[in-house]
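K.L.:
my questions are about this predicted structure, shown below with the sequence.
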Amino acid sequence: DTAVSQTPKYLVTQMGNDKSIKCEQNLGHDTMYWYKQDSKKFLKIMFSYNNKELIINETVPNRFSPKSPDKAHLNLHINSLELGDSAVYFCASSQGNGPRGEQYFGPGTRLTVT
Amino acid sequence: AQSVAQPEDQVNVAEGNPLTVKCTYSVSGNPYLFWYVQYPNRGLQFLLKYITGDNLVKGSYGFEAEFNKSQTSFHLKKPSALVSDSALYFCAVRDGGSQGNLIFGKGTKLSVKP
C-alpha cells in the first residue's frame, strides 16, 4: 500500500500555463507539507497544513496556491508557470506538526517548464 | 536561526568497509535531528532520529548515528557498507524550542563500490 502518493509523476508544460499536483496520504496523519527540490538537490519547505489549516507559508510566489480539502489530501496549484519553477516537488505527511515527528515523503513530481 | 551543514558532497567507500556521513547543526533550543535517504528518482525515506536519551541512535538498514552535543554533530554511520547503500543522504534539524520548519542539509552522495 502506498503511504504518500502524488500525481502526476512527471509534468511537462509550457511557460504561462496553469497546472496542479495532487497528493494523498493513507497514514492517518493530520499534517501535510509541500517541498521543492531544485536541480542541485537542495530541499526547501514551501507550505504546511495541519488539520486543513495553513501553518507554514514560506517565501513562495503567490502563483503557488495550496489547497487541503481534507486531512488526507493536499494539492498544489501553480499559475502562470515560469522556467524557474522547474524542479521536483515532494509532498510529505506527519502526525502532528511538532518537532519530534518524522515526515513521510511521496515519490515526487518532476515538473519541467519549457 | 537553525541550520545544518553536511561538509562532504560525496563519500566513497568500498563494500564491507565502515562508512561515516558527517552532519553538524546549529539551533537555539534543543535539537531534534533526523537522517533521510533518497534513492534515485524516489522520495526521501526516514532512517532515524534523535530526540533525547542515548547519544547513539539505531535506525533502519543497519544505520546508526551518534549525537555529540559538545561538537554539535550527528554523524551517520554503518559498520559494513553495501553497494545497495549508494544513495543521497540528508541530515535535517528542527529546533525543539520553536515551531520552526524542518531544515535540510544539502545532501551527501554516498557511493559504495564492490
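P.N.:
Received, thanks. Fair warning: this is a prediction, and the values are worked out from it, not measured in the lab.
K.L.:
helices and strands around the host helix or strand of B:Val112, which ones?
P.N.:
B:Val112 is part of strand B:108-113, with elements assigned from DSSP states H and E. Where contact means 3 or more CB pairs under 8 Å, 6 or more residues apart in numbering or on different chains; DSSP states H and E, strand B:108-113 is packed against strand B:10-14, strand B:19-21, strand B:87-95. For glycine as for every other residue, the C-beta is placed from the backbone atoms N, C-alpha and C.
K.L.:
residues contacting residue 50?
P.N.:
Since no chain was named, I'll use chain A. Going by CB atoms under 8 Å, 6 or more residues apart in numbering or on different chains, A:Asn50 touches A:Asp30, A:Thr31, A:Gly96, A:Asn97.
K.L.:
looking at chain B here, not the other one
P.N.:
Contact analysis of B:Tyr50 by CB under 8 Å, 6+ apart lists B:Pro31, B:Tyr32, B:Leu33, B:Phe34, B:Val57, B:Ala65, B:Phe67, B:Phe74.
K.L.:
for the worst-scoring helix or strand of chain A on mean pLDDT, buried residues please.
P.N.:
In chain A, no helix or strand scores lower on mean pLDDT, DSSP states H and E than strand A:53-57, which sits at a mean of 80. Using 16 or more other CB atoms under 10 Å in any protein chain shown as the test for burial, strand A:53-57 gives A:Ile56.
K.L.:
distance between it and the chain's centre?
P.N.:
Distance of strand A:53-57 from the chain centroid (CA atoms, centre = their mean, to the nearest Å) equals 13 Å.
K.L.:
strand partners of that strand, parallel vs antiparallel please.
P.N.:
In the sheet containing strand A:53-57, its partner strands are strand A:43-50 (antiparallel), by DSSP bridges.
K.L.:
chain center to the partner strand, what's the gap?
P.N.:
Offset of strand A:43-50 from its chain centre (CA atoms, centre = their mean): 7 Å.
K.L.:
return the set of buried residues in it.
P.N.:
Result for strand A:43-50 [16+ other CB under 10 Å]: buried residues A:Leu43, A:Ile45, A:Met46, A:Phe47, A:Ser48, A:Tyr49, A:Asn50.
K.L.:
show me what whatever helix or strand comes next after the least confident helix or strand of chain A is packed against.
P.N.:
Heading C-terminal from strand A:53-57, the first helix or strand you meet, by DSSP H and E, is strand A:64-70. Contacting strand A:64-70 under the criterion 3+ CB pairs under 8 Å, 6+ apart are the following elements: strand A:43-50, strand A:73-78.
K.L.:
what sits against B:Glu66?
P.N.:
So B:Glu66 contacts B:Asn55, B:Leu56, B:Val57, B:Ser73, B:Phe74, B:His75, B:Lys77 (CB under 8 Å, 6+ apart).
K.L.:
just to revisit the earlier point, chain B next: which of the contacts of A:Asn50 are close?
P.N.:
Among these, the residues within reach of chain B (CB under 8 Å from any CB of the partner chain) are A:Asn97.
K.L.:
before we move on, the earlier item: turn the helices and strands packed on strand B:108-113 into TSV, including mean pLDDT, distance to chain A and mean neighbour count.
P.N.:
Output for these, formatted as TSV (pLDDT from 0 to 100; distance: least, CB to the nearest CB, whole Å; neighbours: other CB atoms under 10 Å in any protein chain shown):
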stretch	mean pLDDT	distance to chain A	mean neighbour count
strand B:10-14	98	12	14
strand B:19-21	98	14	20
strand B:87-95	93	4	24
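K.L.:
tell me which of these lies nearest to A:Thr7.
P.N.:
Among the helices and strands packed on strand B:108-113, strand B:87-95 comes nearest to A:Thr7, with 23.6 Å by CB to CB.
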